[in-house]
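*Asks:* fold the stuff below for me.
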Amino acid sequence: MLKINDKEFERLVTYMRDNYGINLTHKRALVEGRLSNSLVEQGFKNYNDYMDMCFADKTGKEIDKLIIKLTTNHTYFMREPEHYSFLTSTVLPFIKEVNKTKSMRIWSAGCSSGEEAYTTAMHINEFLGPEKKNWDTRILATDISLKILSSAQEGVYAASGMQDLPDAWKAKYFDKQEDDKYKVKKALRDEVIFRTFNLMEDIPFTKAPFDLIFCRNVMIYFEMETKIELVKRFYKVLRPGGYLFIGHAESIPRDTTDYEYIKPAIYRKPL
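*Replies:* The predicted model follows:
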């Protein structure tokens with residue numbers, strides 16, 4: 001395994017923290033484990049030369065690959081099902097009751113390969129039923145990786161990541177492909193708008209407030225200060241009564257926020 005020395009590690013840690021809020025301070029073993037083989041295969045003798053190449057690439061593709069290697073976790077449809085139960089039992093009925101314009105503003109922040117956004121779209125379709133045609137329910141899904149977003153837009157998934165979906169939903173919302181894969185049907189893909197966005201930046205999506213923001217299993221990479229500033233920015237773009245869903249391995253310090261704590265990994269902006 002190609003080892004990363006102290007100066008190289010500090011350089012990488014600083015770059016990822018300053019540009020993407022990602023804290024790798026205690027992830028040295030992860031860095032070596034995920035990068036070492038790739039560097040050797042590409043002919044690099046050290047991490048500095050590799051970083052020089054990444055940082056000099058004006059297309060952004062090499063940085064994109066780096067971010068994917070260091071942050072991508074396994075995800076799947078219906079992940080953290082308690083959230084979707086709460087979505088159906090509480091959030092969607094609230095939106096339906098108070099929103100007279102028949103529009104929903106939902107943001108999947110750090111959407112990765114798209115399973116979260118598509119799962120949410122399916123739940124909305126099932127909840128609204130025949131009324132769906134009268135609603136604007138498109139979901140904004142953002143990520144910093146162009147490659148990941150491209151995969152999400154294509155909407156092709158292995159059956160192994162769809163085991164928790166009801167069979168009826170697979171038949172209704174997917175087309176069977178070769179090699180035991182499924183492709184999201186166009187009607188559902190059209191429900192999701194994918195955009196690149198770095199969560200370290202000011203949120204530009206302020207035309208109308210959001211009813212619900214998903215930011216799950218993203219802040220595990222952030223330092224506490226970065227996390228607090230991000231949830232404050234989320235707060236500003238949520239409508240009163242709007243919800244924030246985070247990962248079950250994450251939490252928001254209650255003395256630093258104006259959110260109401262609802263239950264584990266679910267917070268609400270007061271009405």
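
*Asks:* isn't Tyr118 up against Tyr182?
*Replies:* No - Tyr118 lies out of contact with Tyr182 (Cβ atoms under 8 Å); the separation is 10.8 Å. All C-beta atoms are positioned from the backbone trio N, CA, C, and that covers glycine.

*Asks:* what about those two, which has more around it?
*Replies:* Per other Cβ atoms under 10 Å, whichever of Tyr118 and Tyr182 has more neighbours is Tyr118, with 26 against 21.

*Asks:* following element in sequence after the stretch of helix or strand that one belongs to, please.
*Replies:* Using DSSP states H and E, Tyr118 maps to helix 115-128. Note on helix 115-128: by DSSP H and E, the next helix or strand toward the C-terminus is strand 139-143.

*Asks:* quick one: list the elements packing against that next one.
*Replies:* Here strand 139-143 touches strand 106-109, helix 115-128, helix 146-154, strand 192-196, going by 3 or more Cβ pairs under 8 Å, 6 or more residues apart in numbering; DSSP states H and E.

*Asks:* tell me the strands beside that strand, with direction?
*Replies:* Applying DSSP bridges, strand 139-143 is found paired with strand 106-109 (parallel), strand 192-196 (parallel).

*Asks:* list the buried residues for the lowest-mean-pLDDT helix or strand in the chain?
*Replies:* Least confident element among the helices and strands of the chain, by mean pLDDT, DSSP states H and E: helix 61-71 (a mean of 91). Buried residues in helix 61-71, counted by 16 or more other Cβ atoms under 10 Å: 62-64, 66-68, 70-71.

*Asks:* and for stretch 72-87?
*Replies:* Buried-residue list, stretch 72-87, by 16+ other Cβ under 10 Å: 76-80, 83-84, 86-87.

*Asks:* which two from these end up farthest apart in space?
*Replies:* Tyr76 and Phe86 (18.7 Å; Cβ to Cβ).

*Asks:* could I get the strands paired with strand 139-143 as JSON lines with distance to Lys133 and mean neighbour count?
*Replies:* Shown next, in JSON lines, are those (distance: least, Cβ to Cβ, whole Å; neighbours: other Cβ atoms under 10 Å):
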{"stretch": "strand 106-109", "distance to Lys133": "18", "mean neighbour count": "26"}
{"stretch": "strand 192-196", "distance to Lys133": "18", "mean neighbour count": "17"}
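
*Asks:* quick one: the helices in this protein, in order.
*Replies:* For the chain, the helices defined by DSSP state H cover 6-20, 28-41, 47-56, 61-71, 81-86, 92-98, 115-128, 146-154, 167-173, 186-189, 224-237.

*Asks:* identify whichever of the ones you listed lies nearest to Leu199.
*Replies:* Once these are compared by Cβ to Cβ, helix 224-237 is nearest, at 5.8 Å.

*Asks:* about what we covered before: which one of the helices of the chain is the most hemmed in?
*Replies:* Highest mean neighbour count of the helices of the chain: helix 115-128, a mean of 22 (counted as mean count of other Cβ atoms under 10 Å).
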